[in-house]
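[1] Build me a model from this:
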Amino acid sequence: MKQIIVLLIVISSILLTGCNGNNIHSVISERTTDYYYGEMENVKVSLAVGQREEPYVLDGKHGAMVDFSLLAIDTGKSYSHATIDAMVSFGGSIMEVSLELNPLNMTYMADLGKILWSESVCVEVENQEVNLRKISDDFSIDYKKAVEIGESNTEIGDFKQNGRYSCEGYVKIVEGKSFGQTGFYWCVTILNESKRSNVLINTLDEKDIIKL
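    Have a look, this model is predicted:
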């Protein structure tokens, strides 16, 4: 009986450690797990799938998570409209979507509000059909490994209190051309109320790291 009690105490300690933020993965407030991409003429379309906190607030505090599929469309034209409409086809289903212009990156965006599982996705927008492929299947580094690389390249002590993480993290996919590179990169952000760290990791080469 004594051995059973000791074992229960050890298990409880492990469970509490996971909840207390002693693991970087326990404070990730947004994680992209799958990424789709396609382009046709001047139209570029991406779809980031994963989980993120709700409400979505970059305040250094990790919150409850919900599923998301974030659709982003760059029409390559002047942005004279606040919204555009698109048709999204996947797995035999069709969804009508209204996307709003994001003034931060001048891209139309919409959250489909659920996990979208499909090997391929087709988006019809402005009389063009753009076929998206799940390019994350080709990545050498998945989001979990990216988070760990980002952590190891961050002054992580700045984001801990009493040995525990006192922060939140985000792991997303960004295009390399936005900072003078090619291909796609994981962007791992760790932040608290006063500090922020950004680390970019090439999805195909874990040695290609850029600290911002």
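[2] Which residue ranges of the chain form strands?
    Ranges of strands within the chain are 28-40, 43-53, 65-74, 83-90, 93-102, 107-111, 120-125, 128-134, 160-161, 164-165, 168-175, 184-191, 196-202, 205-211, based on DSSP state E.
[3] Can you name every helix or strand that the third one contacts?
    Applying 3 or more Cβ pairs under 8 Å, 6 or more residues apart in numbering; DSSP states H and E, one finds that strand 65-74 makes contact with strand 43-53, strand 83-90, strand 93-102, strand 107-111, strand 120-125. All C-beta atoms are positioned from the backbone trio N, CA, C, and that covers glycine.
[4] Compare those strands and give me the one nearest residue 210.
    strand 43-53 (19.9 Å; Cβ to Cβ).
[5] among the helices and strands packed on strand 65-74, which is nearest residue 157?
    Among the helices and strands packed on strand 65-74, strand 43-53 comes nearest to residue 157, with 24.0 Å by Cβ to Cβ.
[6] Direction included, what does the closest one pair against?
    strand 28-40 (antiparallel), strand 65-74 (antiparallel) (DSSP bridges).
[7] need the contact list for the closest residue to residue 55 other than its chain neighbours.
    Spatial nearest neighbour of residue 55, chain neighbours left out: residue 63 (7.1 Å); criterion: Cβ to Cβ, 6 or more residues apart in numbering. In this structure, residue 63 makes contact with 29, 53, 54, 55, 57, judged by Cβ atoms under 8 Å, 6 or more residues apart in numbering.
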